[in-house]
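S.K.: Take this sequence and fold it.
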Amino acid sequence: MRLTHTAFTATFPTFFLGLAAAFQITALYVYHGHKPDWLLTTLCFVITTGTYLLNRIFDKEDKINNVSRWNFFNSSIKKSVSWIFLSIAALTVPVFLLMILKQYQIALLFGIISAIGLIYTVKILPFCRNGVIYWTNLKSIPIGKNIIVCTIWGGGAIAISSVFLNINPFRSDLLMLFIAFFTGSCNSNIGADARDIDGDTMCEIKTLSSLIGFKNTFYLLSGINTAGLLTVIILYNIGIGTYNLALCSSICIIWSELSIIPQFTFPQHMGKIATEILADSQHLLCAPLLIAFTAL
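M.R.: Numbering: from 1, shown residues only. Now for the predicted structure:
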């Protein structure tokens, strides 16, 4: 029973985000007036799960923040290698499958996302300091890594669905959706840094939260949410997007703000997995909302 609970708490948040990505691409198909492509939906789930799984395996601050999760993935070399192999397979198989199916443009987009996921986690980026070559990853670049992750969550599914359906991804109404997705991802991604601030500080990992502090992170996210909401309202008032789309986007952004309040106000009263799922819930909420408002 204990092993089952550990496995659930270690892997469920990862599968949750994979499911959120699958829901997001499905919702965009419905929004564009098409039936979902279940193969593409499945591949989005696989590649997103693989990306976050790889991050979990290499997330060394979990030695402090979440020891049970770290041990679940890294209690032995054999276990670590097995999980790494599984995550790499999840990142590469969808790309090769799409190439076999001659969906080259989609394969390219998936390949870019996979490459970013790999570079984000694994220290394979060389840089030179004082004549010495060091290796780093995107995760070690504060602010920059947040922008990259949030941009992928904000525009990845929009780009994939648009290319697959031969729709202009820069259409004005899609800008409103991008803002809603991007803003929500900021809360999820930067909020995760805030939850891990103790471990990141002890491991000397510089994140936005470790640089500006726990409370200031909340103020920053509230400012981003306010800016996102005001932008949606302005776009609607200048004729971009329908009323239903503006309302859907606004609700998503408002929920993003509400979902992070518990972790910043009374984190000691919530379990780690509950806090994580709540903060990531906007990823899953936006999709059914978009489907519902599209049907109205």
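S.K.: separation between residue 286 and residue 98?
M.R.: Taken as C-beta to C-beta, to the nearest Å, the spacing of residue 286 relative to residue 98 amounts to 25 Å. (Glycine included, C-beta is placed from N, CA and C.)
S.K.: Please read the previous query as pertaining to residue 173.
M.R.: Using C-beta to C-beta, we find residue 173 at a distance of 27 Å from residue 98.
S.K.: Would you mind telling me which of these two has the busier surroundings?
M.R.: Between residue 173 and residue 98, counting by other C-beta atoms under 10 Å, residue 98 is the more crowded of the two (21 against 14).
S.K.: Give the buried residues for the helix or strand hosting that one.
M.R.: Secondary structure assigned from DSSP states H and E places residue 98 in helix 77-100. Under the neighbour-count criterion of 16 or more other C-beta atoms under 10 Å, helix 77-100 has 83-84, 87-88, 90-92, 94-95, 97-98 buried.
S.K.: got the contact list for stretch 9-26?
M.R.: With C-beta atoms under 8 Å, 6 or more residues apart in numbering as the contact definition, stretch 9-26 has outside contacts at 36, 40-42, 44-49, 52-53, 56, 68-69, 72-73, 156-157, 160-161, 181, 272-273, 276-277, 280, 283-284, 286-288, 291.
S.K.: What is the subsequent helix or strand relative to the helix holding residue 98?
M.R.: On the C-terminal side of helix 77-100, the closest following helix or strand by DSSP H and E is helix 104-121.
S.K.: helix or strand right after that next one?
M.R.: The first helix or strand that comes after helix 104-121 along the chain, using DSSP H and E, is strand 125-129.
S.K.: how far off helix 104-121 does the helix holding residue 98 point, in degrees?
M.R.: Comparing the axes of helix 77-100 and helix 104-121 via axes from the mean of the first three to the mean of the last three C-alpha atoms, to 10 degrees yields an angle of 160 degrees.
S.K.: Helix 77-100 - what's its average pLDDT?
M.R.: Model confidence over helix 77-100 averages 95 on the pLDDT scale.
S.K.: what's in contact with it?
M.R.: Looking at helix 77-100 with C-beta under 8 Å, 6+ apart, the contacting residues turn out to be 43, 46-47, 49-51, 53-54, 57, 73-74, 104, 106-107, 110-111, 114, 117-118.
S.K.: Return the alpha-carbon coordinates of it using CSV.
M.R.: Output in CSV follows, covering the C-alpha atoms of helix 77-100 (Å, rounded to 0.1, in the frame of the first residue of the first chain):
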residue,chain,number,x,y,z
ILE,A,77,21.2,3.3,-10.9
LYS,A,78,19.2,0.6,-12.6
LYS,A,79,15.9,2.3,-11.7
SER,A,80,17.2,5.7,-12.8
VAL,A,81,18.4,4.3,-16.2
SER,A,82,15.0,2.6,-16.7
TRP,A,83,13.1,5.8,-16.1
ILE,A,84,15.4,7.8,-18.3
PHE,A,85,15.0,5.3,-21.1
LEU,A,86,11.2,5.5,-20.8
SER,A,87,11.2,9.3,-20.9
ILE,A,88,13.5,9.5,-23.9
ALA,A,89,11.3,7.0,-25.7
ALA,A,90,8.3,9.2,-24.9
LEU,A,91,10.1,12.2,-26.4
THR,A,92,11.3,10.5,-29.6
VAL,A,93,8.8,7.9,-30.6
PRO,A,94,6.0,10.4,-31.5
VAL,A,95,8.5,12.3,-33.7
PHE,A,96,9.5,9.2,-35.6
LEU,A,97,5.9,8.0,-35.9
LEU,A,98,4.8,11.3,-37.4
MET,A,99,7.7,11.1,-39.9
ILE,A,100,6.6,7.6,-40.9
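S.K.: Can you give the distance of it from its chain's centre?
M.R.: Chain-centre distance of helix 77-100: 19 Å, with C-alpha atoms, centre = their mean, to the nearest Å.
S.K.: do the same with stretch 31-43
M.R.: On C-alpha atoms, centre = their mean, the centre of stretch 31-43 falls 19 Å from that of its chain.
S.K.: Likewise for stretch 229-241?
M.R.: 25 Å.
S.K.: One more: stretch 125-145?
M.R.: 22 Å.
S.K.: Just the buried residues of it, please?
M.R.: Judged by neighbour count (16+ other C-beta under 10 Å), stretch 125-145 contains these buried residues: 137-139, 141-142, 145.
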